[in-house]
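> I would like the atomic coordinates for the input below:
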Amino acid sequence: MKKLILFLLLGGILGVAILLPILLIDSKPAVIRVEEVKPETLRQSRKLVKEILKTLDSNSEHREISLDSTQASGLLAIASRTFPFLSLRLNQIDRDWLVTGTLRLGSMGAYVNTRTYLAAGNISLDDTTTEIGGLEFSNRFLLETGIAMVNSLNSNNTNINPEHLYRAIELRDSKLRVEAHPSLNYSELKNNLKQSANQAIKHATLNQDYSNQISHYLKLLNKLTGYLQGLSGNSLSLFDLAQPLYVEASTSPNGDPADIENKYALLALVYFAGDYPIQRLITSAYAPRIAEPPANNKLLIRGRRDLTLHFLYSAALEMLASDEISFNIGELKEISDTARGGSGFSFVDLMADRAGIYFARTSTASAEVAFRLQQNVKQTSSEDDFFPDISYLPEGLNAEELEQTIGNTKSKRYQQIVKDIDGRIARLSIYRQ
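Numbering: from 1, shown residues only. This is a model prediction of the structure:
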């Protein structure tokens, strides 16, 4: 009898494991096109997020978050643009909202589609559902499951209580209103989410600790900076340090293959030459025990600090994620700069984004490709070998100028400029075959 029960139990588990992918995964995306992100959309969304955070952080007993369908659509469009594997769309049907999402599963031609219908009036998570593929789940269940996952990653003893997040949700007059629970401690919630995010990054990078290896290259960078600045007395190019750093990597000081040594060296360079947020990213993901303090330097690319940060952030994100995500985050930043008060859309900045992605990808592609890069770097003599010419690339375009001269990010002219940028990068001597 016991064997029969065990057999049935294992059969049930196996059946669920087989059926779930069939029920959850679709062969076609539910969302094919998403809303174009415009400068004004980014400006308004940034303002909205600031207002929401200010409301949550206040001491008021009554804290209410409110957004209309246009604002909600803007936030979904920005998320879709930032993460190319995710497409989100909001449709207003009379007074109700339908939120549709598509998650692309790699290049397999498989998708997970979701649909959440919010009817006008008071909204109860117990009575509303979300369809995921061919299955339907209570929104209460999904919220509690998500919070349980966050809590499991949190090392603090103060877990998030789903009952203390909100007091009421309603959809009226085309506006979604969420009243925060009186006992919601936003500072505590924010800290818990940060803790969980850090743990998630560590799990995503398989808890790799490269502290010792990265410290080896940081010590070399400190020595090089002191020596080179003593000789020139001027600001240094980022590549004044990258060249000797990769020469050192070619000697395999940690005994690892070329692609792994390049990864250590590049992480050290990103940490050494970046700003505080990027240093936090490196320590959280790869090097929690770094003892070597970063030098207070202003390493430049083409005489500009902003290009250095674009290059480094994109290189770091490429090592953590896909190149599409790295590029799209930089692209959204440039779109944002076309709005009032921004520095304007810059294709030179986008070149730095693309160059950082390309350098990181080539550095770590495989042992063979990484070794070839090391040998090419040994032959370099100037910044021109590492970074393309920035001539004739438009900069400082406001929203109107961008629309009139270039069009949106899907326009033929825009794609031609991006193709030109990629061609300039690919022709650099460090990437010769």
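> quick one: low-confidence parts of this structure?
1-23, 106-108, 155-158, 197-207, 230-234, 291-297, 321-343 (pLDDT under 70).
> domain ranges for it?
The chain is divided into the following domains under automatic domain parsing: 24-194, 211-431.
> make CSV out of these and add mean neighbour count.
C-beta coordinates here come from the backbone N, C-alpha and C atoms, glycine included. Conversion of the domains of the chain to CSV gives the following (neighbours: other Cβ atoms under 10 Å):
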stretch, mean neighbour count
domain 24-194, 15
domain 211-431, 18
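> next up, the contacts around the closest residue to residue 110 other than its chain neighbours.
Distances taken as Cβ to Cβ, 6 or more residues apart in numbering put residue 25 closest to residue 110, at 5.0 Å, once the chain neighbours are dropped. Counting by Cβ atoms under 8 Å, 6 or more residues apart in numbering, residue 25 makes contact with 105, 110, 111, 112, 133.
> one more time with 10 Å
Residue 25 makes contact with 103, 105, 108, 110, 111, 112, 113, 132, 133, 134 under the criterion Cβ atoms under 10 Å, 6 or more residues apart in numbering.
> wait, doesn't the second one sit right on residue 133?
What that stands for is residue 105. No. Using Cβ atoms under 10 Å as the test, residue 105 is too far from residue 133 to be in contact (11.6 Å).
> okay, and the common contacts of these two?
Common neighbours of residue 105 and residue 133 (criterion: Cβ under 10 Å, 6+ apart): 21, 25, 26, 111, 112.
> show me which pair in the residues you listed is furthest apart.
Farthest apart among these by Cβ to Cβ are 21 and 111. That separation is 12.1 Å.
> so what sits against both of those two?
When contacts are counted by Cβ under 10 Å, 6+ apart, the set common to residue 21 and residue 111 consists of 105, 133.
> which parts of the stretch 101-250 of the chain are strands?
Along the stretch 101-250 of the chain, the stretches classed as strands by DSSP state E, counting those that start in this stretch are 111-118, 121-122, 129-132, 135-138, 166-172, 175-180.
> right, so of those, which gets closest to residue 59?
Checking the strands of the stretch 101-250 of the chain against residue 59 by Cβ to Cβ gives strand 175-180 as the closest, at 11.9 Å.
> need the contact partners of the closest one.
Taking contacts as Cβ under 10 Å, 6+ apart, the residues outside strand 175-180 that touch it are 52, 55-56, 58, 60-69, 71-72, 97, 118, 123, 164-171, 186.
> just the ones of these in helices?
The helices, defined by DSSP state H, take in 52, 55, 56, 69, 71, 72, 186 from these.
> the residue lying closest to residue 144 once chain neighbours are set aside and residue 425, how far apart?
Leaving aside its sequence neighbours, residue 144 sits nearest to residue 162 (Cβ to Cβ, 6+ apart; 5.2 Å). Computed with Cβ to Cβ, to the nearest Å, the distance linking residue 162 and residue 425 is 47 Å.
> same question for residue 179.
Per Cβ to Cβ, residue 179 is found 50 Å from residue 425.
> give me every residue that touches residue 99.
Contacts for residue 99 were tallied using Cβ under 10 Å, 6+ apart; they are 72-73, 76, 88-91, 114-118, 130.
> want to throw these into a markdown table with distance to residue 405?
Shown next, in a markdown table, are those (distance: Cβ to Cβ, whole Å):
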| residue | distance to residue 405 |
| --- | --- |
| 72 | 31 |
| 73 | 27 |
| 76 | 28 |
| 88 | 30 |
| 89 | 29 |
| 90 | 31 |
| 91 | 33 |
| 114 | 38 |
| 115 | 39 |
| 116 | 40 |
| 117 | 42 |
| 118 | 40 |
| 130 | 43 |
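> pull the most distant pair out of the residues you listed.
For these, with distances taken as Cβ to Cβ, the pair at the greatest spread is 73 and 130 (18.3 Å).
> show me the contacts for residue 408.
Counting by Cβ under 10 Å, 6+ apart, residue 408 makes contact with 36, 37, 38, 335, 402, 414.
> change it to 8 Å
36, 38, 414.
> surely it is in a strand?
No. Under the criterion used here (DSSP: H, G, I helix; E, B strand; the rest coil), residue 408 is coil, not part of a strand.
> give me phi/psi at it?
Reported as degrees, to the nearest 10, the phi and psi values for residue 408 are phi -80, psi -180.
> CA atoms only: put stretch 121-132 into PDB for me.
Below are the C-alpha coordinates for stretch 121-132, written out as PDB (Å, rounded to 0.1, in the frame of the first residue of the first chain):
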ATOM      1  CA  GLY A 121     -14.600  50.200  -8.300                       C
ATOM      2  CA  ASN A 122     -13.000  48.900  -5.100                       C
ATOM      3  CA  ILE A 123     -10.500  46.200  -6.000                       C
ATOM      4  CA  SER A 124     -10.000  43.100  -3.800                       C
ATOM      5  CA  LEU A 125      -6.900  41.000  -4.500                       C
ATOM      6  CA  ASP A 126      -8.900  38.000  -3.300                       C
ATOM      7  CA  ASP A 127     -11.500  38.500  -6.000                       C
ATOM      8  CA  THR A 128      -9.300  39.500  -8.900                       C
ATOM      9  CA  THR A 129      -7.000  37.200 -10.900                       C
ATOM     10  CA  THR A 130      -4.100  37.100 -13.300                       C
ATOM     11  CA  GLU A 131      -4.000  34.600 -16.200                       C
ATOM     12  CA  ILE A 132      -0.500  33.200 -16.800                       C
END
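> kind regards, and thank you for your time.
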